[in-house]
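In: structure for this input, please:
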Amino acid sequence: MKKFLIALFVFGAATTVAAQERDGNSIGTARELYASARYDEALVVLNGIRPSENGATGERKAIEQYRSLCLLALGRGTEAETAIAAVVTMDPFFVPTESDASPRVRSAFSDVRTRLLPNIASTMYAAARQSYERKEPAVAEKKFRELITLLDDPQMNGRMGDMRTVAAGFLDLATAAAAPPPEPKKIEPVAPAPPPPAPVPAKPAEPQVYVGGEPGLVAPVAIRQVLPNVPAAVAGMTKDRGYLEIVIDEQGRVMSGALRSAIHPMYDNILLNAAKDWKYRPATFNGTPVRFKKLIQITLPRR
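Out: The predicted model follows:
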């Protein structure tokens, strides 16, 4: 019991609530009743509070926090989980610390939060996409940044990795769209031409990159060339076909790649990253390994 009283005291200190309306200091009254172990009476007070429609989220959050504490103290776990779910829904980033609450309270919050975070993340993604599609880049940037922070939360346990990849791409697009246009460049007076630089020794010539058709040239053979899956978040938004151009070095590794016919901005980035890990038996010219430029047709299954 003493641990619960300490936890409640810190909870109250950490939660700023302006309850200056017709209900008076009802939250403070509930806190005092809880501290006196009068849990049923505290619940009656909490149930009687009627926050205004424009009431602060912090006040509603505090009400549900104290409701969950009272219900846990009374052993009414299912009802306590409902109150905790309301807190997590209002503030998905709220996590009681060791100084805020007892182990039992922290465990209850952790269980509910772990269960609810995927649905909350999906809702946040939908809201961020709507802001982006309404041409509100600054709002979309803020929402996608908050979404990525939530997806990186330890209690997500790495779930929804595809959503994080897509959200990161949209964050880059929204950030670029929200950036102010560059200032016009000032016209500077033309300075006199500097003296010609000293001649620089010529660099060794770059190895030739073959493209096929030369006598004695054997094209590379794929050892590992796996196309990445299309993320569910952009399914139906991609083109069915595109063309990827890669340069394969003398060891059969992909040196560089570029989309000659794009498929979708998000999938293009995923495809280029995947191509870096592809492996080939290198092309040869008269038996000697050489660099080779290869054009690959990318065909995605229709959905």
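In: C-alpha from now on. contacts and neighbour counts both.
Out: Noted.
In: now Glu206. Its backbone dihedrals?
Out: phi -70, psi 140 (degrees, to the nearest 10).
In: burial measure for it, as a count.
Out: Glu206 has 6 neighbours, counted by other C-alpha atoms under 10 Å.
In: how about Ile223?
Out: Other residues close to Ile223 by other C-alpha under 10 Å number 12.
In: residues contacting it?
Out: 278-281 (C-alpha atoms under 8 Å, 6 or more residues apart in numbering).
In: next one: Met90
Out: With C-alpha under 8 Å, 6+ apart, Met90 has these contacts: 57, 61.
In: same check on Lys61?
Out: 86-87, 90.
In: for the stretch 201-303 of the chain, which spans come out with low pLDDT?
Out: 302-303 (pLDDT under 70).
In: which of the contacts of Ile223 lies closest to Glu250?
Out: Arg281 (8.9 Å; C-alpha to C-alpha).
In: any idea how far that closest one lies from Phe292?
Out: 11 Å (C-alpha to C-alpha, to the nearest Å).
In: name the residue in the two with the higher neighbour count.
Out: Phe292 (26 against 18).
In: please tell me how far the closest residue to the more buried one other than its chain neighbours sits from Glu136.
Out: In this structure, Phe292 finds its nearest non-sequential neighbour in Tyr210, 4.7 Å apart by C-alpha to C-alpha, 6 or more residues apart in numbering. Using C-alpha to C-alpha, Tyr210 is found at 47 Å from Glu136.
In: looking at the two, which has the bigger crowd around it?
Out: Using other C-alpha under 10 Å as the criterion, Tyr210 and Glu136 rank with Tyr210 on top: 19 against 16.
In: list the contacts of that one.
Out: 290-293.
In: which among these end up buried?
Out: The neighbour count (16 or more other C-alpha atoms under 10 Å) marks 290-293 as buried among the contacts of Tyr210.
In: strands - which of the residues you listed land there?
Out: Of the buried ones among the contacts of Tyr210, the ones assigned to strands by DSSP state E are 290-293.
In: and the residues you listed as JSON lines, adding distance to Ala258?
Out: Shown next, in JSON lines, are these (distance: C-alpha to C-alpha, whole Å):
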{"residue": "Val290", "distance to Ala258": "20"}
{"residue": "Arg291", "distance to Ala258": "16"}
{"residue": "Phe292", "distance to Ala258": "14"}
{"residue": "Lys293", "distance to Ala258": "11"}
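In: now flag whichever of those is closest to Arg50.
Out: Lys293 (70.2 Å).
In: close enough to count as contact, that closest one and Glu245?
Out: Yes. The criterion here is C-alpha atoms under 8 Å, and Lys293 meets it with Glu245 at 7.0 Å.
In: following element in sequence after the biggest helix by length in the chain, please.
Out: In the chain, assigned by DSSP state H, the helix with the most residues is helix 103-133. Downstream of helix 103-133, the next assigned helix or strand under DSSP states H and E is helix 137-151.
In: that next one packs against which elements?
Out: When contacts are defined as 3 or more C-alpha pairs under 8 Å, 6 or more residues apart in numbering; DSSP states H and E, helix 137-151 sits against helix 103-133, helix 161-178.
In: okay, those helices, which one's buried deepest?
Out: helix 161-178 (a mean of 18; mean count of other C-alpha atoms under 10 Å).
In: tilt between that helix and helix 137-151?
Out: Counting by axes from the mean of the first three to the mean of the last three C-alpha atoms, to 10 degrees, helix 161-178 lies at 150 degrees to helix 137-151.
In: could you give the angle of helix 161-178 to helix 103-133?
Out: 50 degrees.
In: can I get helix 161-178 as PDB, trimmed to CA atoms?
Out: Taking Å, rounded to 0.1, in the frame of the first residue of the first chain, the C-alpha atoms of helix 161-178 are listed here in PDB:
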ATOM      1  CA  GLY A 161       9.200  -2.200 -40.300                       C
ATOM      2  CA  ASP A 162       7.700  -1.700 -43.800                       C
ATOM      3  CA  MET A 163       5.600   1.300 -42.500                       C
ATOM      4  CA  ARG A 164       8.700   2.900 -41.000                       C
ATOM      5  CA  THR A 165      10.500   2.600 -44.400                       C
ATOM      6  CA  VAL A 166       7.600   4.300 -46.200                       C
ATOM      7  CA  ALA A 167       7.100   6.900 -43.500                       C
ATOM      8  CA  ALA A 168      10.800   7.800 -43.700                       C
ATOM      9  CA  GLY A 169      10.400   8.300 -47.400                       C
ATOM     10  CA  PHE A 170       7.400  10.500 -47.000                       C
ATOM     11  CA  LEU A 171       9.200  12.500 -44.300                       C
ATOM     12  CA  ASP A 172      11.900  13.300 -46.700                       C
ATOM     13  CA  LEU A 173       9.400  14.400 -49.300                       C
ATOM     14  CA  ALA A 174       7.400  16.500 -46.800                       C
ATOM     15  CA  THR A 175      10.600  18.100 -45.400                       C
ATOM     16  CA  ALA A 176      11.700  19.100 -48.900                       C
ATOM     17  CA  ALA A 177       8.300  20.500 -49.800                       C
ATOM     18  CA  ALA A 178       8.100  22.500 -46.600                       C
END
